[in-house]
Each structure stands twice: as structure tokens, then as C-alpha cells.
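Asker: Pasting the sequence and the predicted coordinates here, then a few questions.
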Number of protein chains: 2
Amino acid sequence: MRTQSVEYRHGDAVLEGFLAVPATDGERRPGILVSHAWGGRDDFVVEKAKALAELGYAAFALDVYGKGVRGSGPEQNQKLMMPFLQDRALLRDRLKSGMDCFAAQPGVDGSQIAIMGYCFGGLCALDLARSGAAIKGAVSFHGLFIPPALPKQAVKARVLALHGYDDPMVPPQQVLDFATEMNESKVDWQMHAYGGVLHAFTVPEANDLSLGALYNARAARRSWQAMMDFFEEIFD
Amino acid sequence: MRTQSVEYRHGDAVLEGFLAVPATDGERRPGILVSHAWGGRDDFVVEKAKALAELGYAAFALDVYGKGVRGSGPEQNQKLMMPFLQDRALLRDRLKSGMDCFAAQPGVDGSQIAIMGYCFGGLCALDLARSGAAIKGAVSFHGLFIPPALPKQAVKARVLALHGYDDPMVPPQQVLDFATEMNESKVDWQMHAYGGVLHAFTVPEANDLSLGALYNARAARRSWQAMMDFFEEIFD
């Protein structure tokens, strides 16, 4: 496996992604963008990028916040995330800058890109799909569903939402609203809802019931398997 | 593969299941009950039992209605199904008779049984789980969710519901009610909802919009894959 940090820009912002590509003969692989949670581009997404490269994909942990910018706790994470929740056009364009950087990397088949992400990064995955970007798929792990107030685009991606049914950040009404939004946009979408499962279920350290966040090993395994099946399906 | 028809009884009713077991050295395999839709124990479930045997499981297409009893169309199917929807205790006990017959067959590991089923058979799969039967898992393909008015039992099975989100027989409110029921019963449950997908999505001949039934090849593939992943998970 070849890994490296990759600096890229969006307007004045300097960002730093993490690239992981299977060590092969220059073959170009389908590429998966990995979108970080509210804490920024941390080791968690770096490890996910490596795990995807071990599955044979090119992978890129993109960076929304800026080179080296990480939150150190819920309060700071929230402060970092809010500007992007409040300006979804900015978020969309920043995600696209990461996609463009990734698609141009050696070893990446830029015509076969998908995105996956966690929590805030799940919303990022959905927002890139909603933008009409030329991607094959978007996978949200315990992501937020609230749609942007932006003009509707024709969605090219297939969508897979992996959802803890008891996630207090995404109550049942939001699940129904999301289904309605996806149907209205004629998206090929799926939702896998896991009963008795809270927010952040893939994160081994998640254990904060005031946030409704709790690791669930079984849901973590199931969701990873579902993602693998989905990637098997969507790429040519 | 070894296949045979197996006659069994429940009270005065004579039933006929179809057994398919991998052709091996007498090894006992985890066993999957296959529960038919409203038309009775037809070729569709026989083929599913064979497909499961090809995956290495013992499989048994059980019979709710009686030996040779098949419906020839929606009206007759409905007439055959109604007595069992109206007497869920009878249905439960009849399902258990199929389970007991299956568990006693050579080549079947009676301590590792699961059930899957289609439409009415999805409800059967859920009802066997709800009964507290000693099964490892229950998979419903485009099944009905309405719970029986029977005393609650401790559910031992893990539950996987594979659902066409636009199935008019199971509107969103029933999805929410099902989630509430499963959570209250502390079941390990999942639901995979497929957007834009109607009732009977696994049935290649399904094409009756007055019933809201329509084949969907992609949802059929996805749901079969999800079932395979689930069976990989639940057996020791």
C-alpha cells in the first residue's frame, strides 16, 4: 500500500487529505472519498482509508476544516462544524475540491468515485450526492440527514444510509423526511436501520450518552459489510 | 444436493414440505425454513430452498395451507391466507410443526435453525420469532409487519426485515410501529428499506400495480445478499 499526505486548496483554505492506494503496477482503481466527523480529519478516517486500500480501492480521507485543524472535544468540534452546516454551498464546494484533488491522483480511476463518511461526514457524503456530482455512490454512517436549502440537482449517485434507529440526533421523523426527499429526487437509495443502536456506533471510543453516542460492535460490523457489498455493486 | 418432499402433520392437517440438503457425508448443517407467500408452497419457495442448499445450508420449504393446496390467483390466495391472519395462534403453532419436522431431519442441526419468508411468509418468519421459538434468526422479504394479539414472548431470534419503502401494503407508519414493537421486545433487529421499491420485489413475475406489486431486480439482489450476510453472522 502507498500512503501519503496530500495538500490541496479551496479558495484561500489550505487542506490536507490522506491518500491510500493499493501497491500495484500503476493500475487505476475505483476511488473512495472518506469524509471525517465533526472533529476533523483525524486518525479514525486515516485508518478507514487504509482499510479501503486493503480492499483494493484507492481511498482519500478528505479535509473540510483545514490543514492540521482538529477539534479537541464536543464544544470545539461543534464550533468547527457549524460554519459548514450554516453554509451548505461552501461545504458542497469544499467537498468538490477534495473530490477533484483525489480524482487527479495517480492510481485513481477518476470516472469511478464514491464517498463515505461518518456523522457530519455522513451528511457530507449525502451533500456531495445531492450536488449532482459525478459519483457512483454515497454511504452515510450514522450521518445527519437534514437537507441543504440549495437548488435540487439530478442525483447521479446511489445512496446507502446506515442508521442507528435510536440515534437521538436523527429521530424517526427525520428518517421519514429523508425517505421523502430521496424519493422526490428519484434517487436509488437504501437505508439500513439498526434497532437499539445509537449515534456514532462505528466509533470504538464513543460512550457519551448525553450526546446519544455509543459504540456498537455488531452494528459496526454489519454496516461495514453493507458498505463492502454496496461498493461491489456500484463500480463497473 | 439431496431433495425430497416430506409429509408432516399438525393436528388433523396434512402438510407437505420440501427438503433440500447439501450432498455431504452426513454432516449436520444449520437449517433455514422457507415460508411461502399467500399462494401456498409453490415452486418459488422450492427454488429458494435449493438455492440455500447450494449455499451449504439445509433448507425446508414449509407448508402452512396443506398438502397440494395452492391458490390460483389473488382472490383465492386471499381466501387461503385469511384464516391464518385471523388466528395467529393457529399460524404460530402450524409454523412450529414445520420447524419441528425440519429439525428432526437427517443432515439438519436442530440447534441452529433460522426462518425466512416472502410477503405472508415474511409475516410467518416474524411470527415464529415473536413466539419465542428457539431460532437464531428470522428474515422477512417484503413481509407484513402487523403484530399478533398474543402474549409477548422473549424473542430469541435476530430479525432482519427487507422492505420496499414504497410497498403500499406496508406504509411508513407501519414501519415505525414495527420498529417500536421490536425495540419494546428488546429484539436485535434491522430493517433494510429500498427506496422506490414496491411489494413482492423479489418475484420476477410480480407486475400488478393494483396490488402495488412489482419485481425489482436490484432490490432482489440486494436483499439476497443481505440475507446471506445475516446467515453468515448468526450461526455458530
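Answerer: Ah, there it is.
Asker: and residue A:33, that one's in a strand?
Answerer: Yes - applying DSSP: H, G, I helix; E, B strand; the rest coil, one finds residue A:33 inside a strand.
Asker: Which secondary structure element of chain A has the lowest mean pLDDT?
Answerer: Sorting the helices and strands of chain A by mean pLDDT, DSSP states H and E puts strand A:207-208 at the bottom, at a mean of 94.
Asker: Skip ahead from that strand and say which helix or strand is next.
Answerer: Using DSSP states H and E, the helix or strand that directly follows strand A:207-208 along the chain is strand A:213-214.
Asker: circling back to that earlier point, strands paired with the least confident helix or strand of chain A, and their directions?
Answerer: Strand A:207-208 has these partner strands in its sheet, going by DSSP bridges: strand A:213-214 (antiparallel).
Asker: any idea how far the strand it pairs with is from the chain center?
Answerer: On the basis of C-alpha atoms, centre = their mean, to the nearest Å, strand A:213-214 sits 18 Å off its chain's mean C-alpha point.
Asker: Point out where chain A drops to low pLDDT.
Answerer: Applying pLDDT under 70 to chain A flags no residue at all.
Asker: interface residues of chain A facing chain B?
Answerer: Within chain A, the residues that sit near chain B (C-beta under 8 Å from any C-beta of the partner chain) are A:159, A:165-166, A:172, A:176, A:179, A:182-183, A:186-196, A:218, A:221-222, A:225-226, A:229, A:233. All C-beta spots, glycine's among them, are computed from the backbone N, C-alpha and C.
Asker: Which of the three states applies to the most far-flung residue of chain A relative to its centre?
Answerer: Farthest-out residue of chain A from its mean C-alpha position, per C-alpha atoms, centre = their mean: residue A:25, at 28.1 Å. Of the three states, residue A:25 takes coil under three-state DSSP.
Asker: how close does it sit to residue B:223?
Answerer: From residue A:25 across to residue B:223, the span is 37 Å (C-beta to C-beta, to the nearest Å).
Asker: Show me where chain A has its helices.
Answerer: With DSSP state H applied, chain A shows helices at A:43-54, A:74-86, A:88-103, A:120-130, A:172-184, A:217-234, listed in chain order.
Asker: how about the longest one: buried residues?
Answerer: The reference is to helix A:217-234. A:219-220, A:222-223, A:225-227, A:229-231, A:234 (16 or more other C-beta atoms under 10 Å in any protein chain shown).
Asker: Of those residues, just say which sits nearest to residue A:117.
Answerer: residue A:227 (11.0 Å; C-beta to C-beta).
Asker: List the contacts of that closest one.
Answerer: Residue A:227 sits next to A:116, A:139, A:141, A:160, A:162 when contact means C-beta atoms under 8 Å, 6 or more residues apart in numbering or on different chains.
Asker: Isn't the third one up against residue A:115?
Answerer: No - at 11.5 Å, residue A:141 and residue A:115 do not qualify as touching, with contact defined as C-beta atoms under 8 Å.
Asker: Near the closest residue to residue A:131 other than its chain neighbours, how many other residues are there?
Answerer: Take residue A:131 and drop its neighbours on the chain: the residue closest to it by C-beta to C-beta, 6 or more residues apart in numbering or on different chains is residue A:92, 4.8 Å away. By other C-beta atoms under 10 Å in any protein chain shown, the residues close to residue A:92 number 21.
Asker: what's the answer for residue A:213, then?
Answerer: The number of residues near residue A:213, taken as other C-beta under 10 Å, comes to 22.
Asker: roughly how far apart are the closest residue to it other than its chain neighbours and chain B?
Answerer: Nearest non-adjacent residue to residue A:213, counting by C-beta to C-beta, 6+ apart: residue A:200, 3.9 Å away. The spacing between residue A:200 and chain B, counted by C-beta to the nearest C-beta, to the nearest Å, is 18 Å.
Asker: Residue A:200 touches residue A:215, doesn't it?
Answerer: Yes - contact criterion C-beta under 8 Å: residue A:200 and residue A:215 qualify, at 7.1 Å.
Asker: what sits up against stretch A:77-86?
Answerer: For stretch A:77-86, contacts defined as C-beta under 8 Å, 6+ apart pick out A:37-40, A:64-65, A:69, A:71, A:90-91, A:94, A:120, A:123.
Asker: Can you tell me how far residue A:4 is from chain B?
Answerer: From residue A:4 to chain B the distance is 33 Å (C-beta to the nearest C-beta).
Asker: Would you mind naming the residues that bridge with the residue lying closest to that residue once chain neighbours are set aside?
Answerer: Spatially, and ignoring its direct neighbours in sequence, residue A:4 is nearest to residue A:19 (5.4 Å; C-beta to C-beta, 6+ apart). Assessed by DSSP bridges, residue A:19 has beta-bridge partners residue A:4, residue A:60.
Asker: and residue A:19, what is it in contact with?
Answerer: Contact partners of residue A:19, counting by C-beta under 8 Å, 6+ apart, are A:2-6, A:49, A:58-60, A:102, A:105.
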